[in-house]
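Engineer: Sequence and predicted model, in that order:
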Amino acid sequence: YASADATKTLNTGNPLTDATYYVSQIIGFCESERIPIQIQLIPVFDAPVAPSPVLYCQETTFDDLEVTLLPGGTKGWFTTIATAEPNIALTDVVTTGTYYVAQHNGACWSNKTAVQVTVNPTPADLNSTAQTICGTFTLADAELGQMEDAVVKFYTSETSDEVLPMTNSLVTGTYYVSQTLNQCESDRVTVQFIVYENLTAPVAPATQFYCGTKTFADLDATPTTGTIGWFAIDDTTTAPLRLTANVSTGTYYVAQLNGSCWSPTTEVEVTVNLIPATLNDADQQLCGTFTLADAELDQVDGAEVRFFASEASTTPMVLTSPLVTGTYYVSQMVLGCESPRVAVSFVVNEILTAPQAPAVQFYCGTKTFADLDVTPTTGAIGWFSTDDTATTPLSSTETVSTGIYYVAQLNGQCWSPTTQVTVSVNPIP
């Protein structure tokens, strides 16, 4: 009824308006008393606007989902379109599925909007271990334990929004790096890179020859800016040989180090021979005519003996030169290695001709060898009982007996050839 005392009922098909209505109920022929009911009509909001389908990353809550509400409206999420009241808390974490959102105007819920949500996992953080890299690289070359198909993003700071181009050179410094997979980006990690230039292989003679004890520090190799290292095999991931270690004949590989980065290697064939022993430096007396090549100084078989005029001379004497009285400085060369020089004094005496003497000599009475007839050239006379001047000569004061004797003349310590003399000595009657 329009009023408490109205006799005409309102048409039930009439639209409700903001007003007070008087309402009774009839059972059979009996009507109850009327009660006033105040009607206030509140417009129902339209369904909220929400994009669908949408993609989010894990740990997204329903409150984070994008929904556009009318002024004064509040949102609510439902698991089905038929659910009357919201049954999802705004703080609940979203998982992949279809949900329904409506807006409340303070009294009534609007129609619902279906939202299809896909939730992808957030990738794990990248490896933040500091890296030392050898060579020239771009950011795209960095290996940080990223997932397959992930997009690695480099930033200059923790908060920068600008992603560095992956074609940028990777240089020494600190980067802030994340990975994105299925549109979800990991947290950024701080990564320290140290990038060293790859140096060229050092310059070194391919064949090197040494005498005596040498260490690897003695070998010939020229670096550009790095530190030299020698290796037993062509693999710089192995430990380099100690520079103080002695070198043996063999093939070695030399590289140069820049920071912790080895250059390519240069192969070097090294030959190390022993230094021969010094020659015998005893003084020598020689008889006759000799060249330097004739000298016997206990040299090694096959050795090249070298004679020098002085200790400091750099030019060896010609071995066909005559060996004369004097002091020489002598070394021996074996397999390209020369011994230290020693000073050797030579005294070289000419061998005189045999002295002239009558082949048969006759004497009466007592005679000594000094009385026998012999003519020397320049040497001193000596008589021998055998044709061997290596034996001791007979005393010049010794009495001569009938027999055959041999006479020679002495020059220094050198005896001439002998002259045979037959001597007859008869007593005086």
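Structural biologist: On my side now, so go ahead. Numbering: from 1, shown residues only.

Engineer: Pull out the buried positions in stretch 294-309.
Structural biologist: For stretch 294-309, burial by neighbour count (16 or more other Cβ atoms under 10 Å) applies to Ala295, Leu297, Gln299, Ala303, Val305, Arg306, Phe307, Phe308. Glycine gets a C-beta too; all of them are placed from N, C-alpha and C.

Engineer: Out of those, the closest to Gly76 would be?
Structural biologist: Ala303 (108.4 Å; Cβ to Cβ).

Engineer: For the closest one, list the residues it contacts.
Structural biologist: Pro276, Gln332, Met333, Val334 (Cβ atoms under 8 Å, 6 or more residues apart in numbering).

Engineer: do you know how far the second one is from Leu323?
Structural biologist: Pointing back at Gln332 there. Remark: distance between Gln332 and Leu323 (Cβ to Cβ, to the nearest Å) = 16 Å.

Engineer: related to what we said a few turns ago, now flag whichever of the buried residues of stretch 294-309 is closest to Glu338.
Structural biologist: For the buried residues of stretch 294-309, the nearest to Glu338 is Arg306 (7.0 Å; Cβ to Cβ).

Engineer: Quick check: phi and psi on that closest one?
Structural biologist: phi -120, psi 130 (degrees, to the nearest 10).

Engineer: Count the residues that sit near the closest residue to it other than its chain neighbours.
Structural biologist: Using Cβ to Cβ, 6 or more residues apart in numbering and skipping the chain neighbours, the partner closest in space to Arg306 is Pro316 (4.3 Å). Neighbourhood size, Pro316 [other Cβ atoms under 10 Å]: 18.

Engineer: residue contacts, Pro316?
Structural biologist: Contacts of Pro316 by Cβ under 8 Å, 6+ apart are Arg306, Phe307, Phe308.

Engineer: And for the helix or strand where the second one lies, what's in contact with it?
Structural biologist: So the one you mean is Phe307. Using DSSP states H and E, Phe307 sits in strand 304-308. With Cβ under 8 Å, 6+ apart as the contact definition, strand 304-308 has outside contacts at 279, 292-293, 295, 297, 299, 315-317, 319, 321, 328-334, 338, 341.

Engineer: which neighbours does the helix or strand following it have in its sheet, and in what orientation?
Structural biologist: Tracing the chain C-terminally past strand 304-308 and defining elements by DSSP H and E, one meets strand 326-334 next. When sheet partners are counted by DSSP bridges, strand 326-334 sits next to strand 304-308 (antiparallel), strand 337-338 (antiparallel), strand 342-349 (antiparallel).

Engineer: Make CSV out of the contacts of Pro316 and add pLDDT and distance to Pro71.
Structural biologist: Shown next, in CSV, are the contacts of Pro316 (pLDDT from 0 to 100; distance: Cβ to Cβ, whole Å):
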residue, pLDDT, distance to Pro71
Arg306, 98, 112
Phe307, 98, 118
Phe308, 98, 114
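
Engineer: now those residues in JSON lines, with distance to Asn87?
Structural biologist: As requested, the contacts of Pro316 are exported to JSON lines (distance: Cβ to Cβ, whole Å):
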{"residue": "Arg306", "distance to Asn87": "109"}
{"residue": "Phe307", "distance to Asn87": "115"}
{"residue": "Phe308", "distance to Asn87": "112"}
